[in-house]
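> Make a model of this:
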Amino acid sequence: MLTEFRVKGFKNFENELVFNLQCARDYEFNPETVRDGVVKTGLIYGVNGSGKSNLGYAIFDIIHHLTDKMQGQPHYNYYRNLDTQNDGIDFSYQFKTMGSTVVYRYTKIALDTVVEESVSVDGVEVVHYDRNGSGSTCVHLKGAETLNVGLFDKKMSFLKFVKSNTRLEDNATNRAFQGFLEFVDGMLFFAALKDNEFMGFSSVREFISDRIVESGRLEELQKFLCANGINYQLEKVQSSNPDHKWDIGCKFKNGMADIFRIASRGTGTLMLFFYWVIQMQGTESKPSFVFIDEFDAFYHSDAARRVVDVLKRLDVQVLLTTHDQTIMDNDLLRPDCYFTLANGKIAAFSEM
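This next block holds a predicted model:
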């Protein structure tokens, strides 16, 4: 799980922002929203322009240089904060994995240019790279002794080079290191938009209708929409589009209509959410961490509450952003799972 995130010099975060997810208190209600003292399901409130989306982009900067699953690069225009005097943009992540604490820190001068990286496991540095200083590289992981750093292309992340070119021994440190890399590989960002904009988790785009039909979840989708006041009778329809197999039709007295052609923005967003829930419930491969930006942008507050209620019961760490305070009560989550972002700082309600 992600337990702490820090960023400085990125977009509207001129000064260091510290996002602490280890602020859990001893509340007795909604225990499923916290795991091992770490927020599992969190809701971030902020007014327009407070930096909610930028916080998500900052957290997901990591997938650009450690995975091959980056999409949505236009969101990384104006990468560096324009008020800062420093060239470097600093990122720091702390994870709990395999019973250990892994801290990954790096500095960039552009989206695709890492100039310094370090990884520590339980306080012991195991990987370090410094392009600006001595140009030194070091790896203290059993099994990486024969790594030929002379082959390292300095345009890429040194950590990604280590990840791709080592066969590590099986020990506690290496398991924690591998667990951290697997967590990053499973991170997913998506926005509450109809066109399925996402970053991370998968490099493959697929049709929502194909996934829903082929996973046998069409009846469940119909019940989900009905619970949110959308009473469609759904049927699978062989698609005439050669790019995919199935459409989802809505039956009416005098014919059938493709749901994606008649759905409102809110209905389309609910279907997008349902699609990603299928992924989060996966048995073979599912996201490790999910960030949903403006998740309730097109929902009525009752629908928004149902969405959070579904998410908090899943075995996935989830953060959502909103500009609606009306759903933020103790019936849904807890004060240690609600956060306010303002003036470049973020804090849990329980800490305010």
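> Arg211 touches Val277, doesn't it?
No. Contact criterion Cβ atoms under 8 Å: Arg211 and Val277 do not qualify, at 10.9 Å. Using the backbone N, CA and C atoms, a C-beta is placed for each residue, glycine as well.
> Strands along the stretch 1-150 of the chain, start to end?
2-8, 17-20, 34-35, 38-39, 41-45, 89-97, 100-110, 113-121, 124-130, 137-139 (DSSP state E, counting those that start in this stretch).
> Summarise which helices and strands the second one is packed against.
In terms of contact count using 3 or more Cβ pairs under 8 Å, 6 or more residues apart in numbering; DSSP states H and E, strand 17-20 is assigned the packing partners strand 2-8, helix 52-59, strand 345-348.
> And those: which comes nearest Pro31?
Nearest of the helices and strands packed on strand 17-20 to Pro31, taken as Cβ to Cβ: strand 345-348 at 16.4 Å.
> buried set for that closest one?
Neighbour-count burial for strand 345-348, with 16 or more other Cβ atoms under 10 Å as criterion, is recorded at 346-348.
> What does Asp185 show for phi and psi?
The phi/psi pair for Asp185 (degrees, to the nearest 10) reads phi -60, psi -20.
> Contact partners for it?
For Asp185, the contacting residues are 66-67, 69, 288, by Cβ atoms under 8 Å, 6 or more residues apart in numbering.
> low pLDDT regions in this protein?
Residues of the chain meeting the criterion pLDDT under 70: 71-73, 133-135, 192-196, 203-204, 283.
> what's in contact with the longest helix anywhere in it?
Criterion DSSP state H: the longest helix present in the chain is helix 265-280. Helix 265-280 is contacted by residues 188, 190, 192-194, 196, 201, 208, 211-212, 215, 217, 221, 224-225, 228, 230, 259-260, 263, 286-287, 290, 292, 295, 297-300, 303, 307, 310-311, 314, 316 when judged by Cβ under 8 Å, 6+ apart.
> Tell me the buried residues in that helix?
Buried, per 16+ other Cβ under 10 Å, within helix 265-280: 266-280.
> ok, now stretch 11-19?
11-14, 17, 19.
> What's the end-to-end length of that stretch?
End-to-end distance for stretch 11-19, by Cα to Cα, to the nearest Å: 16 Å.
> any idea how far that stretch is from the chain center?
With Cα atoms, centre = their mean, to the nearest Å as the basis, stretch 11-19 stands 18 Å off its chain's centre.
> so Val307 touches Tyr299, yeah?
Yes. The pair Val307 / Tyr299 is scored as a contact, 6.9 Å apart, by Cβ under 8 Å.
> Count the neighbours of Ser118 for me.
19 (other Cβ atoms under 10 Å).
> Against Thr97, how distant is it?
Shown here: Ser118 relative to Thr97, a distance of 17 Å by Cβ to Cβ, to the nearest Å.
> again, but for Val316
For Val316, the distance to Thr97 - Cβ to Cβ - is 15 Å.
> Equivalent analysis for Leu332, please.
28 Å.
> need the helices for this structure, in chain order.
52-59, 62-66, 158-165, 172-185, 208-214, 218-227, 259-262, 265-280, 301-311.
> Figure out which of those is closest to Trp246.
Nearest to Trp246 among the helices of the chain is helix 208-214 (4.1 Å), distances taken as Cβ to Cβ.
> and that closest one, what other elements does it pack with?
Using 3+ Cβ pairs under 8 Å, 6+ apart: helix 208-214 touches strand 246-252, helix 265-280.
> who's in contact with the residue of the chain positioned farthest from its centre?
What lies farthest from the middle of the chain is Asn254; by Cα atoms, centre = their mean that is 42.8 Å. If you count contacts by Cβ under 8 Å, 6+ apart, Asn254 has none.
> now do Ser240
Ser240 neighbours (Cβ under 8 Å, 6+ apart): none.
> do the same with the one 10 residues further on
Applying Cβ under 8 Å, 6+ apart, one finds that Cys250 lies in contact with 232-234, 256-259, 262.
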